Every structure is written in C-alpha cells, then in structure tokens.
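[1] missing the sequence, but the structure's below:
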C-alpha cells in the first residue's frame, strides 16, 4: 500500500486550514520550500510551516529546494518538520553527511532528493543511512509540470539500491503525479507519492487519495 503526501503548494491558501482538513486521510503533508536561487521560484518558509504544524498532527514532509540547506535544519525541525529532505546537489559531499546526521540526531527522518539530470549513483555514499529518497519526476521549482517518463528507469535503479543497501528506506516521487503516472511509479518501485494539483483539483479528495494509495 502506497503512502500519499499531498503537496500544499497546490492548495488554496485563503482557506489553508480547511484544505488540509480535506486531505486528512493522507499519510504526510508535503511542504515545498523554494529560495529563488537553487530553483527559480520562491514559495514559503518558517511562519507558514509553524501555522500548518498548529492545525494538523500529520507528519510534515519537508522538501528543501534551497542552497546550503544545512544552515536551516534545526529551524525546520523546530518549526514542525517530521521528514527533512534536501537536494544532494545543494551541498558539498561532506556537508551532506553531516546534514543527514543532524536531522537524525534531532529525532527526525532524513531524505535526499535528486534532480532529473542527477544520476542515481549520486546516492551511493549516503543511501545506507537515509530514511527517504525523493526522485524528482519534473524539474524542481514549479507545480503543474508534465511527468518525465525517462525517470522511470531511475526509480527502478534506486529501488534496487534500496533493496540491497537499506530496505527500510522509503522511495518517494514528486512531479506530474496522477493516477496514470502514479501507477507507473509504483510499478517501478516507488512507495510514497507526492501529488499536488492532482489531489487539490479533485472534488472528493479523500476518495482520490485512497485511489492513489491502492494502486
């Protein structure tokens, strides 16, 4: 059974409380943080995260699309993050290790994300200690992009790596996820599905989450 992480980037922020309530049967709430440098868009940060933390007991699945994310790990944990995922491309190799260690020492789950052009081999120095790998199936930085089907072999490669080196690690996919592409990702080895527009543009969101969960 898949885990579902609706991305509130696609929610209506004028009624964020009710939007989150409408996806209460999800496993996680996905929170995209963009700095306008690592990616060309800017989203939201600590005040919004703290507000979300105050209205839900769901695990907050934080995706940091920012440069030098290690500077902010403790602040994202303090603000309510439960899973902190950052990009392998955003830190020097030695800083990646220390950032993973810091997240886990603070009692939270640590994840690494890969841009579409980054090969799966970039995970090898870290995968044995990770709680989650996030494969971007679009270019990070914008919602509403089309799924990149060339990422499916990459998902399969990473699933093989996880099975061999760290079977408890979750494999998350994010970008262009709908019922059709989610099925492809699950068949390739994904276990956590991030869906933004696909969930929040659906009238019966709870039922749609169950469909995704049971693919």
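    Arrived safely, thanks for sending. The model shown is predicted, which means the values in this text are computed figures rather than measured ones.

[2] and the closest residue to residue 103 other than its chain neighbours, what helix or strand is that in?
    Excluding the flanking residues, the one nearest residue 103 by C-beta to C-beta, 6 or more residues apart in numbering is residue 110, at 3.9 Å. Every residue, glycine included, has its C-beta placed from N, CA and C. Residue 110 belongs to strand 109-114 when assigned by DSSP states H and E.

[3] does the spatially most central residue of the chain count as helix, strand or coil?
    In the chain, the residue lying closest to the centroid (C-alpha atoms, centre = their mean) is residue 63, at 5.1 Å. Here residue 63 is recorded as strand under DSSP: H, G, I helix; E, B strand; the rest coil.

[4] Give the full set of residues in contact with it.
    With contact taken as C-beta atoms under 8 Å, 6 or more residues apart in numbering, residue 63 is in contact with 30-33, 85, 113, 134, 174, 194.

[5] Am I right that residue 152 is in contact with residue 185?
    Yes. With contact defined as C-beta atoms under 8 Å, residue 152 reaches residue 185; the gap is 7.2 Å.

[6] Tell me which of those two has more neighbours.
    Counted by other C-beta atoms under 10 Å, residue 152 and residue 185 do not tie: residue 185 has more neighbours, with 28 against 20.

[7] ok so, going back, mind pulling up the pLDDT for the residue nearest to residue 103?
    Per-residue confidence at residue 110 stands at 98 (pLDDT).

[8] quick one, what contacts it?
    By C-beta under 8 Å, 6+ apart, the contact list for residue 110 reads 83-85, 99-100, 103-104, 129-132.

[9] Against residue 88, how distant is it?
    12 Å (C-beta to C-beta, to the nearest Å).

[10] again with residue 79
    In terms of C-beta to C-beta, residue 79 sits 23 Å off from residue 88.

[11] need the strands for this structure, in chain order.
    For the chain, applying DSSP state E gives strands covering 3-6, 28-34, 59-65, 83-87, 109-114, 132-136, 170-174, 192-195.

[12] what's the closest of the ones you listed to residue 162?
    Among these, strand 170-174 comes nearest to residue 162, with 6.0 Å by C-beta to C-beta.

[13] The closest one pairs with which strands?
    The pairing partners recorded for strand 170-174 under DSSP bridges are strand 132-136 (parallel), strand 192-195 (parallel).

[14] how much does it deviate in direction from strand 59-65?
    60 degrees (axes from the mean of the first three to the mean of the last three C-alpha atoms, to 10 degrees).

[15] Which residues does strand 170-174 contact?
    3, 5, 7, 30, 61, 63, 85, 111, 113, 131-138, 151, 155, 158-159, 162, 182, 185, 189-194.
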